[in-house]
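**Student:** Fold the following and give me the result.
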Amino acid sequence: MSSKLKMGMIGGGPDAFIGAVHRIAAQMDGLAELVCGAFSSDPGKSKAMAAVLGLPEQRVYGSFAEMISSESLLAENERMDFVSIVTPNHVHFEPAKMAMEAGFDVVIDKPVTFSLEEAKQLKEIAATTGRILALTHTYTGYPMVKQAKEIVASGQLGTIRKVYAEYLQGWLFNKLEDSEQKQASWRTDPARSGKAGCMGDIGTHAFNMAEYVTGLKVTRMCATLNTVVPGRLLEDDGAVILEFENGATGTLIATQIATGEENNIRIKVFGDKGGLEWQQEDCNSLILKWPDAPKQVYRTGTGYAGNLATHNTRVIAGHPEGYLEAFANIYRNAVLTMLAKKQGKGLENTAIEFPGIDAGIRGMAFVDNVVEASKSEEKWRKFEV
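**Tutor:** Sure thing, here's the model as predicted:
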């Protein structure tokens with residue numbers, strides 16, 4: 001049996017940013033190959049993208065429905081094994097639902113759906129069909145983020161008391177959407193993005209990072225959301241105070257109007273024994289802080305890293321592993337899981353992990369709760385899923 005799975009793609013056409021990232025990430029480890037696609041709602045653009053990618057004309061489709069239906073009729077050794085969905089948020093649920101019901105596994109760009117209700121429906125569909133759903137919460141794929149998770153879980157920091165998560169961007173410091181820039185246009189449009197702008201786009205990453213690294217769930221929050229750029233339809237800035245299930249508190253800051261900032265997601269976690277800090281701008285380093293000893297710096301690719309970090313590292317120390325590699329770790333672990341299932345095998349390595357539908361539901365619940373908390377006159381809102 002082939003050790004390589006066949007991938008179809010929905011979205012990711014000529015003007016898309018994230019489609020190319022998914023294609024690189026999916027194929028980085030030689031475990032998957034792109035065999036078909038419906039790259040745009042415009043059939044002409046879809047064909048143009050397929051020509052660039054060297055796909056045969058008969059495996060290029062004018063819609064996701066046509067692709068899923070046609071692929072399901074092909075022989076098992078020819079049709080796609082899973083589909084990658086890289087469309088704007090409002091075109092996540094229907095293709096994911098249709099794909100799973102047709103017998104295909106799914107990798108989907110975050111957020112998982114347009115609404116919390118849709119996310120819960122996808123969980124039911126995944127359970128009913130037995131299909132695998134992977135969610136590309138990219139930043140948890142970094143080796144040193146996984147090292148941070150392992151350190152917290154080991155108890156080295158003691159009882160967690162304080163968590164700081166932030167994601168600062170500056171690309172929407174002006175009304176870029178008026179220039180018809182594609183990424184800005186759909187991300188600031190509630191009909192395509194959903195009820196939140198900045199918090200739905202990048203705040204969900206910071207939220208996911210906080211829960212992933214600490215292993216703790218948020219139980220209460222208070223929030224303020226701001227639309228700084230006049231005339232923008234969704235918020236472009238916000239701050240949240242978090243309370244976790246063990247009583248720890250924290251803050252989450254997400255903004256897209258921090259002029260000059262790029263994509264520096266950062267997390268700090270402090271327990272009663274020590275603390276840690278990681279940021280994407282120095283993604284190969286994890287800093288540990290102690291009350292009675294100098295700072296320690298863990299580095300990607302070193303022999304002292306734990307199982308989670310080691311499994312998700314490709315090269316030796318000193319060779320940077322960044323965004324594309326972190327993205328590829330999610331694909332690799334998801335595809336390894338799909339392969340094991342297809343071959344009737346179990347997974348012995350516990351480091352083969354990836355975000356799934358539960359992380360997606362938590363993310364959509366975060367969007368709902370942060371929007372409602374911002375509207376509320378009460379200080380605290382119970383986190384509801």
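
**Student:** contacts and neighbour counts: CA atoms only from here.
**Tutor:** Fine.

**Student:** what helix or strand is A50 on?
**Tutor:** helix 43-53 (DSSP states H and E).

**Student:** Which elements pack onto the following helix or strand past that helix?
**Tutor:** Using DSSP H and E, the helix or strand that follows helix 43-53 in sequence is helix 64-72. Applying 3 or more Cα pairs under 8 Å, 6 or more residues apart in numbering; DSSP states H and E, we find helix 64-72 packed against strand 32-38, helix 93-101.

**Student:** The stretch 101-250 of the chain: strands as residue ranges?
**Tutor:** Here the stretch 101-250 of the chain has its strands, by DSSP state E, counting those that start in this stretch, at 105-109, 133-136, 160-168, 218-226, 237-244, 249-255.

**Student:** Can you get me a residue count around M209?
**Tutor:** The tally of other residues near M209 (other Cα atoms under 10 Å) stands at 23.

**Student:** Would you confirm that it contacts E166?
**Tutor:** No. M209 is beyond contact range of E166, at 9.5 Å (criterion: Cα atoms under 8 Å).

**Student:** Would you mind grabbing the residues shared as contacts by those two?
**Tutor:** Listed as contacting both M209 and E166 by Cα atoms under 8 Å, 6 or more residues apart in numbering are I267.

**Student:** Show me the domain layout of this structure.
**Tutor:** 5-131, 143-318+361-375 (automatic domain parsing).

**Student:** Relative to G344, which of those domains is closest?
**Tutor:** Closest of the domains of the chain to G344 is domain 5-131, at 13.5 Å (criterion: Cα to Cα).

**Student:** that older thread, including distance to W290, could the strands of the stretch 101-250 of the chain go into TSV?
**Tutor:** Output for the strands of the stretch 101-250 of the chain, formatted as TSV (distance: least, Cα to Cα, whole Å):
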stretch	distance to W290
strand 105-109	37
strand 133-136	33
strand 160-168	14
strand 218-226	26
strand 237-244	23
strand 249-255	19
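
**Student:** how close does the most far-flung residue of the chain relative to its centre sit to G274?
**Tutor:** Distance from the centre of the chain peaks at D292, with 36.6 Å (Cα atoms, centre = their mean). For D292, the distance to G274 equals 9 Å [Cα to Cα, to the nearest Å].

**Student:** that older thread, deepest of the helices and strands packed on helix 64-72, which one?
**Tutor:** Across the helices and strands packed on helix 64-72, averaging neighbours per residue (mean count of other Cα atoms under 10 Å) puts strand 32-38 on top, at a mean of 23.

**Student:** What segments of the stretch 101-250 of the chain are helices?
**Tutor:** Under the criterion DSSP state H, counting those that start in this stretch, the stretch 101-250 of the chain carries helices at the ranges 116-129, 143-154, 182-187, 190-193, 198, 204-214.

**Student:** how many neighbours does the closest residue to F82 other than its chain neighbours have?
**Tutor:** Once flanking residues are discounted, F82 sits nearest to D105: 4.5 Å by Cα to Cα, 6 or more residues apart in numbering. Residues within reach of D105, counting by other Cα under 10 Å, total 25.

**Student:** Contacts only, for D105.
**Tutor:** D81, F82, V83, A99, R131, I132, L133, M338.

**Student:** again, only this time at 10 Å
**Tutor:** 7, 80-84, 96, 99, 126, 129-134, 334-335, 338 (Cα atoms under 10 Å, 6 or more residues apart in numbering).

**Student:** now it: how far from I125?
**Tutor:** 11 Å.

**Student:** could I get the strands of the stretch 101-250 of the chain as a markdown table with mean pLDDT and distance to A359?
**Tutor:** Putting the strands of the stretch 101-250 of the chain into a markdown table (pLDDT from 0 to 100; distance: least, Cα to Cα, whole Å) gives the following:
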| stretch | mean pLDDT | distance to A359 |
| --- | --- | --- |
| strand 105-109 | 97 | 12 |
| strand 133-136 | 98 | 8 |
| strand 160-168 | 98 | 17 |
| strand 218-226 | 98 | 13 |
| strand 237-244 | 98 | 16 |
| strand 249-255 | 98 | 17 |
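
**Student:** wait, which of the ones you listed is closest to K345?
**Tutor:** Judging these by Cα to Cα, what sits closest to K345 is strand 105-109, at 16.7 Å.

**Student:** Output that closest one as PDB - backbone C-alpha positions only.
**Tutor:** Presented in PDB, the C-alpha positions along strand 105-109 are these (Å, rounded to 0.1, in the frame of the first residue of the first chain):
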ATOM      1  CA  ASP A 105     -11.000  13.100   5.600                       C
ATOM      2  CA  VAL A 106     -10.600  16.900   5.900                       C
ATOM      3  CA  VAL A 107      -7.900  19.500   6.700                       C
ATOM      4  CA  ILE A 108      -9.400  22.900   7.200                       C
ATOM      5  CA  ASP A 109      -8.000  26.400   7.700                       C
END
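
**Student:** Measure how it sits relative to helix 93-101, angle-wise.
**Tutor:** Inter-element angle recorded for strand 105-109 and helix 93-101: 160 degrees (by axes from the mean of the first three to the mean of the last three Cα atoms, to 10 degrees).

**Student:** one step back: list the buried residues for the helix holding A50?
**Tutor:** By neighbour count on 16 or more other Cα atoms under 10 Å, the buried set for helix 43-53 is K45, S46, K47, A48, M49, A50.
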